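**Student:** Pasted the sequence and its predicted model underneath.
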Amino acid sequence: MKKKKNIVNAEIEGFINDMLSQVKTDTTASLTDKMKVLDRALKWEAIKLKAEDDAWGSGFMQDPEEDS
């Protein structure tokens, strides 16, 4: 599995980290609000992993008849 160079937007990375830090310390935030931010942070991590992997999505370039 080859890795691409850093293609992650540092501004988005910082924004999500800031949101996560703020919601963790906010005593007035509801559990739903906290979980929404946590879900976004986890989704961002999944996107980063997919973006860094050269093999991800390469199956779409294959002819389906070759697999049969």
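**Tutor:** Nice, I can see it. Numbering: from 1, shown residues only.

**Student:** how about the residue most central in space within the chain, secondary structure?
**Tutor:** In the chain, the centroid-proximal residue (C-alpha atoms, centre = their mean) is W44; its distance is 2.1 Å. Secondary structure state of W44, per DSSP: H, G, I helix; E, B strand; the rest coil, is helix.

**Student:** Grab the nearest non-local neighbour of it.
**Tutor:** In space, and not counting its chain neighbours, W44 is closest to I16: 5.2 Å by C-beta to C-beta, 6 or more residues apart in numbering. For every residue, glycine as well, the C-beta is placed using N, CA and C.

**Student:** element containing D18?
**Tutor:** Secondary structure assignment for D18, by DSSP states H and E: helix 10-25.

**Student:** That helix - what's its average pLDDT?
**Tutor:** Taken as a whole, helix 10-25 carries a mean pLDDT of 92.

**Student:** quick one: low-confidence parts of the chain?
**Tutor:** For the chain, the stretches with pLDDT under 70 are 1-7, 57, 64-68.

**Student:** again, only using 80
**Tutor:** In the prediction, the chain carries residues with pLDDT under 80 at positions 1-8, 51-68.

**Student:** I'd guess D39 is in a helix, am I close?
**Tutor:** Yes: under three-state DSSP, D39 falls within a helix.

**Student:** That one: neighbouring residues, count only.
**Tutor:** 10 (other C-beta atoms under 10 Å).

**Student:** Cool, thanks, signing off.
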